[in-house]
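Undergrad: Give me a model of this one.
(3 chains)
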Amino acid sequence: MYALVDCNNFYVSCERVFDPSLRNRPVVVLSNNDGNAVARSNEAKELGIPFGAPFHSLKGRIREHNIAVFSSNYTLYGDMSRRVMDVLGGLSPEMEIYSIDEAFLRPGRRRHSEWGREVRETVLQWTGIPVSVGLAPTKTLAKLASRLAKKDPACCGVFNMDARPDIDSILDGADAGDVWGVGRQYSDLLRRHGICSARQLRDAPDRWVKKKMTITGLRTVYELRGVPCISLDEMPGTKKAIVSSRSFGRPVTDEAELREAVAAYVTRGAEKLRGQGSAASCVTVFITTNPFRKEDPQYSNSVSYSLPSPSSYTPRLIHCALRLLGVIFRQGYSYKKAGVMFTGIVPVEDAQPDLFSRHRDTEKTRSLMSTVDHVNAAMGRGTISFASEGRTRPWQMRRAFLSSRYTTHWKEIPVVRA
DNA sequence: TCTGGGGTCCTAGGACCC
DNA sequence: TCTGGGGTCCTAGGACCC
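TA: I've put the predicted structure just below:
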C-alpha cells in the first residue's frame, strides 16, 4: 500500500501561511525571472489562468480580478517543504521525498483512510500547508488517487482507492493523459489509437504497449492494474548531472557581464557538487539568445571540456568555464540565458588524479571550500563570494514581487501586532 | 520590456572487442 | 544462396517528471 501526499498549490499555500489576507483571493506565483505562472490558487484556476501562462499575457486579468502576484521565493518554499517533510517523516516508517511538494509514504498498520486523515490534519496544524492524500496499492494509482482527492470536495482531501469497489468507473473517469508517466506525446499517440481513459490504458495489450511506450510504459500499465512495479526510493542517489542556469533580467551583450554570470552559476553548481560529496570530470557551458524575439539575430552554442582530474574546487571550475565561454562567445548578440553543467560526476574519494597534471584537488583546496561552504550556510549565501561573480550583477533575474524569507532570515521574520 | 529551471530513464545504432 | 556470434560502451534523441 502506498500513499502520495501532495501539497495543494504549494507555492501559493506557502505565501498564504504568512499573509492570511490572501485567503479566498486569487493568487499566482511566477517562475524565475517573473516569467510564467507556475502556481495558482483555486480561485485563479477558476478564472481560467493556465499553468505556464506568460506573465505579460496576464496583466489585464490581474488588474481586473485583483489577483495577488508573487515572484518565486525558493528560500521560503524550500524551508516550508523541509518542515512538511519532517512532519511526514514522523507519521510513516518509510518515506520517499519525490519533489518539493510531494512524498510517497507507506501508511502504518492503522486503518488507511483514518491514517490519511491524520496526516492531513497534522501537516495542516503544524505547518499551515493543506495537503491531499491518495492511497492505493501502487504508486501510479496513489498519484491518481491524490488528484481525485483534490477534485472531489466530498472526500475532504483523502482518497483511498482500496476502499472503492467501483475502480473501473473511477479509471473510466480519468484521462489516460493524467496518468503518471503519460505525457503529451504518449497521450496523443494513445488517443490516435482510441485509448482515451485510464481504464482503456490499463486494459491495453502488453505487447502493443511495450512496443509503443517501451518498458517504462508497460510498467505504468501494470501499476494501473494494481501490480507494483515502481518501489519506494528512500535513499535518492547522488545526481548524475548538475545544471545551474538562469535567464537574465535583461538582455546581456557585454562579454564581461556574461563572464560574471557564468562564474556565479559555476559557484552555485560547485556548491551542489560538494553538497553531495562529488566532483565533476566534465564541464559544459552554454549561452543562448532569446528565441522568442524572432526579429533579433539568434545564436546559441555550447562547449564541453573534460578535466584532467575530477574537481569540485570552485576556482578551478570557474577558470575552466570562463575559458569555455571565451570559445563560444560571439560579439553582437543579445544574450538571454547562460548555464553551466557538470557531468561525469564521481564521489570525491573515487576521483582519479592525473599523474601528469599539477591541477588537482588537494586536502588544502577541499578544506578551503569546506570553510567557505560553512560560512555561507551559517551567514547566508554569498557572504563569501568570488570576485569574478561581480558585485552589482545587473544581469540578475527580475523578482519584482518577492515576499519575505519569513522563516530563514531574522530581519524578515513576521511581526505580530497586538 | 515581456515566455523557468531543474532532473531521470530508455532505446537504437555505431564503434569496438575477442 | 549461403560471409559468426556474442558482448560492452558510448552517444544522441526522445520520452517523462516536478
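
Undergrad: How about residue A:275, nearest residue that isn't a chain neighbour?
TA: Excluding the flanking residues, the one nearest residue A:275 by CB to CB, 6 or more residues apart in numbering is residue A:373, at 7.7 Å. Yep, even glycine has a C-beta here, placed from its N, CA and C like the rest.

Undergrad: Tell me the spacing between that neighbour and residue A:133.
TA: The gap separating residue A:373 from residue A:133 is 37 Å, by CB to CB, to the nearest Å.

Undergrad: So the two - more neighbours on which side?
TA: Ranked by neighbour count (other CB atoms under 10 Å), residue A:373 and residue A:133 place residue A:133 first, with 29 against 16.

Undergrad: Now whatever residue of the stretch 301-418 of chain A ends up closest to DNA strand B: which helix or strand?
TA: For the stretch 301-418 of chain A, the residue closest to DNA strand B is residue A:337, as judged by CB to the nearest atom of the strand, at 5.4 Å. Applying DSSP states H and E as the criterion places residue A:337 in strand A:335-347.

Undergrad: how far away is the closest residue to DNA strand B within the stretch 1-150 of chain A from DNA strand C?
TA: The stretch 1-150 of chain A approaches DNA strand B most closely through residue A:35 (2.7 Å), counting by CB to the nearest atom of the strand. From residue A:35 across to DNA strand C, the span is 14 Å (CB to the nearest atom of the strand, to the nearest Å).

Undergrad: Could you pull up the contacting residues of the residue lying closest to that residue once chain neighbours are set aside?
TA: Nearest residue to residue A:35, sequence neighbours excluded (CB to CB, 6+ apart): residue A:55, at 6.3 Å. By CB atoms under 8 Å, 6 or more residues apart in numbering, the residues touching residue A:55 are A:30, A:34, A:35, A:36, A:37, A:69.

Undergrad: hey, what's the last one bridged with?
TA: Beta-bridge pairing for residue A:69 (DSSP bridges): residue A:28.

Undergrad: Show the pLDDT at it.
TA: Model confidence at residue A:69, expressed as pLDDT, equals 97.

Undergrad: what about residue A:352, neighbour count?
TA: By other CB under 10 Å, the residues close to residue A:352 number 11.

Undergrad: give the contact list for it.
TA: A:309, A:310, A:346.

Undergrad: Could you do residue A:303 as well?
TA: Going by CB under 8 Å, 6+ apart, residue A:303 touches A:284, A:285, A:286, A:324, A:327, A:328.

Undergrad: In strands, which of the residues you listed appear?
TA: A:284, A:285, A:286 (DSSP state E).

Undergrad: Does the first one touch residue A:304 like I think?
TA: It stands for residue A:284. Yes. Under the criterion of CB atoms under 8 Å, residue A:284 makes contact with residue A:304 at 4.3 Å.

Undergrad: neighbour count winner among those two?
TA: residue A:284 (18 against 13).

Undergrad: For that one, list the residues it contacts.
TA: With CB under 8 Å, 6+ apart, residue A:284 has these contacts: A:302, A:303, A:304, A:305, A:324, A:340, A:341, A:342, A:343.

Undergrad: can you check residue A:353 too?
TA: Under the criterion of CB under 8 Å, 6+ apart, the neighbours of residue A:353 are A:309, A:360.

Undergrad: Quickly note the distance from it to residue A:284.
TA: For residue A:353 relative to residue A:284 (CB to CB), the value is 22 Å.

Undergrad: that older thread, report the buried members of the contacts of residue A:284.
TA: When the contacts of residue A:284 are checked for burial by 16 or more other CB atoms under 10 Å, the buried set is A:303, A:324, A:340, A:341, A:342, A:343.

Undergrad: and the second one, what is it in contact with?
TA: Read that as residue A:324. By CB under 8 Å, 6+ apart, the contact list for residue A:324 reads A:283, A:284, A:285, A:303, A:304, A:305.

Undergrad: do the same with the last one
TA: Contact analysis of residue A:343 by CB under 8 Å, 6+ apart lists A:240, A:241, A:280, A:281, A:282, A:284.

Undergrad: any idea which of those has the most stuff around it?
TA: residue A:280 (26 neighbours).

Undergrad: partner residues bridging the spatially closest residue to that one that is not a sequence neighbour?
TA: Distances taken as CB to CB, 6+ apart put residue A:342 closest to residue A:280, at 3.6 Å, once the chain neighbours are dropped. Beta-bridge partners recorded for residue A:342 (DSSP bridges): residue A:242, residue A:283.

Undergrad: and the closest residue to DNA strand C within the stretch 151-300 of chain A, how many neighbours does it have?
TA: Of all residues in the stretch 151-300 of chain A, residue A:183 sits closest to DNA strand C, at 2.4 Å by CB to the nearest atom of the strand. Residue A:183 is flanked by 10 other residues according to other CB under 10 Å.

Undergrad: rewinding a little: which of the contacts of residue A:55 ranks first by neighbour count?
TA: Comparing the contacts of residue A:55 by number of neighbours (other CB under 10 Å), residue A:30 comes first, having 25 neighbours.

Undergrad: Mind pulling the model confidence for that one?
TA: For residue A:30, pLDDT reads 96.

Undergrad: Which residues are in contact with it?
TA: Residues counted as contacts of residue A:30 (CB under 8 Å, 6+ apart) are A:36, A:37, A:38, A:55, A:69, A:70, A:71, A:72, A:401.

Undergrad: what are the ranges of the strands in the stretch 1-150 of chain A?
TA: Per DSSP state E, counting those that start in this stretch, the stretch 1-150 of chain A carries strands over the ranges A:2-7, A:27-30, A:37-40, A:68-70, A:95-99, A:102-105, A:131-136.

Undergrad: Make JSON lines from these and add distance to DNA strand C to it.
TA: Shown next, in JSON lines, are these (distance: least, CB to the nearest atom of the strand, whole Å):
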{"stretch": "strand A:2-7", "distance to DNA strand C": "8"}
{"stretch": "strand A:27-30", "distance to DNA strand C": "13"}
{"stretch": "strand A:37-40", "distance to DNA strand C": "9"}
{"stretch": "strand A:68-70", "distance to DNA strand C": "18"}
{"stretch": "strand A:95-99", "distance to DNA strand C": "4"}
{"stretch": "strand A:102-105", "distance to DNA strand C": "5"}
{"stretch": "strand A:131-136", "distance to DNA strand C": "11"}
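
Undergrad: Quick check: which of the ones you listed is nearest to residue A:290?
TA: Closest to residue A:290 of these is strand A:27-30 (CB to CB; 17.6 Å).
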